[in-house]
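Engineer: Prediction below, plus the sequence it came from.
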Amino acid sequence: MIGKFSINILLQSFNQADNTPRESFENKIVLYEFEEETDDSSLKDLIYKSNYELPYKTAEEVVVYWQVVKIIDIFEIDSEIKFTNNTEVYSRFFIDQGSKDEILNKFFPDYIWED
């Protein structure tokens, strides 16, 4: 894969104390440019590592962190715009709306990219 891409990802919140998943999700679209051939495995590693969010304490005094749980889709961008890799261009949250599979089935029933 070479070129500019819009990558649609789903992140989930986890309790740091015991790594249990929370029913808090963020759908995010980020931009990347690849100047060298990148295979799916390398792409997945890059996306998962560069979108991990450091732990923080919530209002309920629980320490949580966010990590990618699914790459939903990847679209090639045919544009001359300049950007820094991992530039976020869209975000929305799903709080207490179900599990990862329920979120995927409800909001992304036609997701394409299998990771």
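Structural biologist: Cool, got the structure.
Engineer: the helices in the chain, which residues?
Structural biologist: Residue ranges of the helices in the chain, as given by DSSP state H, are 40-50, 100-107.
Engineer: any idea of the pLDDT on the closest residue to residue 12 other than its chain neighbours?
Structural biologist: Spatially, and ignoring its direct neighbours in sequence, residue 12 is nearest to residue 69 (4.5 Å; CB to CB, 6 or more residues apart in numbering). (Glycine included, C-beta is placed from N, CA and C.) Residue 69 is assigned a pLDDT of 95 by the prediction.
Engineer: Contact partners for residue 69?
Structural biologist: 10-12, 25, 100 (CB atoms under 8 Å, 6 or more residues apart in numbering).
Engineer: Nearest to residue 78 among the residues you listed?
Structural biologist: When those are compared for distance to residue 78 (CB to CB), residue 10 wins out at 25.0 Å.
Engineer: which ones are touching the closest one?
Structural biologist: Neighbouring residues of residue 10 by CB under 8 Å, 6+ apart: 25-28, 68-70, 72, 100, 103-104, 108.
Engineer: Also residue 37?
Structural biologist: Taking CB under 8 Å, 6+ apart, one finds 1-2 in contact with residue 37.
Engineer: And residue 88, by the same measure?
Structural biologist: Contacts for residue 88 (CB under 8 Å, 6+ apart) come out as 28-30.
Engineer: Dig out what it forms beta bridges with.
Structural biologist: residue 30 (DSSP bridges).
Engineer: picking up where we left off before, now the helices of the chain in JSON lines, with distance to residue 84, mean neighbour count and mean pLDDT?
Structural biologist: Below are those laid out as JSON lines (distance: least, CB to CB, whole Å; neighbours: other CB atoms under 10 Å; pLDDT from 0 to 100):
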{"stretch": "helix 40-50", "distance to residue 84": "11", "mean neighbour count": "14", "mean pLDDT": "92"}
{"stretch": "helix 100-107", "distance to residue 84": "28", "mean neighbour count": "14", "mean pLDDT": "94"}
